[in-house]
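In: task: produce atomic coordinates for the following.
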Amino acid sequence: MSSRHLALHDPEGLLEGELPLDRSTHERLAKAVLVWTGETGLQPADLH
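Out: Model (predicted):
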């Protein structure tokens, strides 16, 4: 069995850095989901 590895040259360590979150977009999405009371359009069997 063989495995494949990929080595990347990243002297500044950018690949390990965290991506900045677009906080306002995530807040709007969370608010829309939490206040949503509409019909899902799914059959009860589909929810299982």
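In: low-confidence ranges, the chain, go.
Out: Scanning the chain for pLDDT under 70 picks out 1-2, 19-20.
In: quick one: the helices in it?
Out: 23-35, 44-47 (DSSP state H).
In: reformat those helices as CSV; add distance to residue 6 and mean neighbour count.
Out: Bear in mind the C-beta positions are built from the backbone N, C-alpha and C, glycine included. Shown next, in CSV, are the helices of the chain (distance: least, Cβ to Cβ, whole Å; neighbours: other Cβ atoms under 10 Å):
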stretch, distance to residue 6, mean neighbour count
helix 23-35, 30, 9
helix 44-47, 40, 7
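In: redo those as TSV? Include distance to residue 4.
Out: Formatted as TSV, the helices of the chain follow (distance: least, Cβ to Cβ, whole Å):
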stretch	distance to residue 4
helix 23-35	34
helix 44-47	39
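In: could you say which one of those comes nearest to residue 7?
Out: Among these, helix 23-35 comes nearest to residue 7, with 33.2 Å by Cβ to Cβ.
In: just how off-centre is the closest one within its chain?
Out: For helix 23-35, the distance from its own C-alpha centre to the chain's C-alpha centre is 13 Å (Cα atoms, centre = their mean, to the nearest Å).
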